[in-house]
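Peer 1: Sharing a sequence plus its predicted fold:
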Amino acid sequence: MEWKDIAGVVGKAAPILGTLLGGPAGAAIGGIVASALGADSTPDAVSQALAVNPDAAVKLRQIEADQRVKLQELIVTAEQNRLAAETASVQAVNSTMQAEAKSDHWPTYSWRPFIGFMFGSYVASMWLLPLFGKMPVTISADLTLAVGGILGIASWYRGRMQSDPNVRSDNRG
């Protein structure tokens with residue numbers, strides 16, 4: 001059992017504690033909850049204490065009331081950390097795409113447009129071939145989603161280049 005497994009039970013009595021227990025600070029918050037309930041600092045022990053102790057909900061509400069501001073600050077910090085990690089990931093993808101677009105080698109700067117044309121042709125064939133009584137070619141849903149994701153990112157960047165003159169482009173691709 002993990003801390004996030006008991007977050008819902010704790011969250012019924014103390015919503016802020018439950019939220020934190022299900023996140024990256026789960027072990028630290030679990031230790032506080034365990035201490036208040038007089039249990040070992042493990043999810044199993046806390047779960048058992050919650051089940052047998054009739055005053056558990058009162059104790060959890062008391063912890064939350066006493067430490068409300070600090071707990072809310074923890075939630076804000078955790079969300080800021082999550083957003084920073086997500087932003088760094090998106091920036092890494094964008095840096096890769098920009099480096100590819102500036103490449104001097106045609107396979108590097110042309111693979112995304114090639115995939116775009118091929119996927120567009122595939123989608124068009126799904127509509128056009130049946131008009132002529134032919135069975136369309138089908139590919140797996142996973143491959144369709146992967147190619148669609150690649151094209152979505154590439155299209156977003158291309159749209160940014162076209163709408164903002166400050167975004168550099170050497171007009172390849």
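Peer 2: Looks like it came in fine. Numbers count the residues shown, from 1 in each chain.
Peer 1: Scan the protein for its longest helix.
Peer 2: Looking only at the chain and at elements set by DSSP state H, the helix with the highest residue count is helix 68-101.
Peer 1: pLDDT of that one, averaged?
Peer 2: Confidence over helix 68-101 (mean pLDDT, whole number) is 84.
Peer 1: Same question for stretch 19-36.
Peer 2: 79.
Peer 1: hmm, who's touching it?
Peer 2: Defining contact as Cβ atoms under 8 Å, 6 or more residues apart in numbering, one finds that stretch 19-36 is touched by 2-4, 6-8, 10-11, 17, 40-43, 45-46, 49, 59-60, 62-63, 71, 74-75, 78, 81. To be clear about C-beta, it is placed using only N, CA and C from the backbone, and glycine gets the same treatment.
Peer 1: Restricted to buried residues, select these in PyMOL.
Peer 2: Selection of buried members from these for PyMOL, criterion 16 or more other Cβ atoms under 10 Å:
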select buried, resi 3+6+7+10+11+17+43+45+46+49+59+60+63+71+74
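Peer 1: Now, the contacts of stretch 19-36 that are in helices?
Peer 2: Assigned to helices by DSSP H, the following of the contacts of stretch 19-36 qualify: 3-4, 6-8, 10-11, 17, 43, 45-46, 49, 59-60, 62-63, 71, 74-75, 78, 81.
Peer 1: quick revisit: got the buried residues for the longest helix of the chain?
Peer 2: Under 16+ other Cβ under 10 Å, the buried positions of helix 68-101 are 71, 74, 97, 100-101.
Peer 1: quick one: which of those residues is nearest to Pro107?
Peer 2: Of all those, the one sitting nearest Pro107 is Glu100; the distance, using Cβ to Cβ, is 9.8 Å.
Peer 1: tell me the domain ranges of this protein?
Peer 2: Following automatic domain parsing, the chain resolves into domains at 3-81, 102-163.
Peer 1: In terms of secondary structure, what does the longest helix of the chain contact?
Peer 2: Using 3 or more Cβ pairs under 8 Å, 6 or more residues apart in numbering; DSSP states H and E, the elements in contact with helix 68-101 are helix 15-21, helix 106-131, helix 141-163.
Peer 1: Most tightly packed of those?
Peer 2: Mean neighbours per residue, mean count of other Cβ atoms under 10 Å, is largest over the helices and strands packed on helix 68-101 for helix 15-21, with a mean of 22.
Peer 1: How far does that helix sit from its chain's centre?
Peer 2: The offset between the C-alpha centroid of helix 15-21 and the centroid of the whole chain comes to 20 Å, using Cα atoms, centre = their mean, to the nearest Å.
Peer 1: Output whichever helix or strand comes after it in PDB with nothing but the alpha carbons.
Peer 2: The element immediately downstream of helix 15-21 (helix or strand, assigned by DSSP states H and E) is helix 26-37. Coordinates of each C-alpha in helix 26-37 appear next as PDB, following Å, rounded to 0.1, in the frame of the first residue of the first chain:
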ATOM      1  CA  GLY A  26       2.900  12.000   0.800                       C
ATOM      2  CA  ALA A  27       5.600  10.400   2.900                       C
ATOM      3  CA  ALA A  28       6.200  13.600   5.000                       C
ATOM      4  CA  ILE A  29       2.500  14.200   5.500                       C
ATOM      5  CA  GLY A  30       2.000  10.600   6.200                       C
ATOM      6  CA  GLY A  31       4.500  10.800   9.000                       C
ATOM      7  CA  ILE A  32       2.600  13.700  10.500                       C
ATOM      8  CA  VAL A  33      -0.700  11.800  10.200                       C
ATOM      9  CA  ALA A  34       0.800   8.700  11.700                       C
ATOM     10  CA  SER A  35       2.200  10.600  14.600                       C
ATOM     11  CA  ALA A  36      -1.100  12.200  15.400                       C
ATOM     12  CA  LEU A  37      -2.800   8.800  15.300                       C
END
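Peer 1: That's all I had, so thanks and see you.
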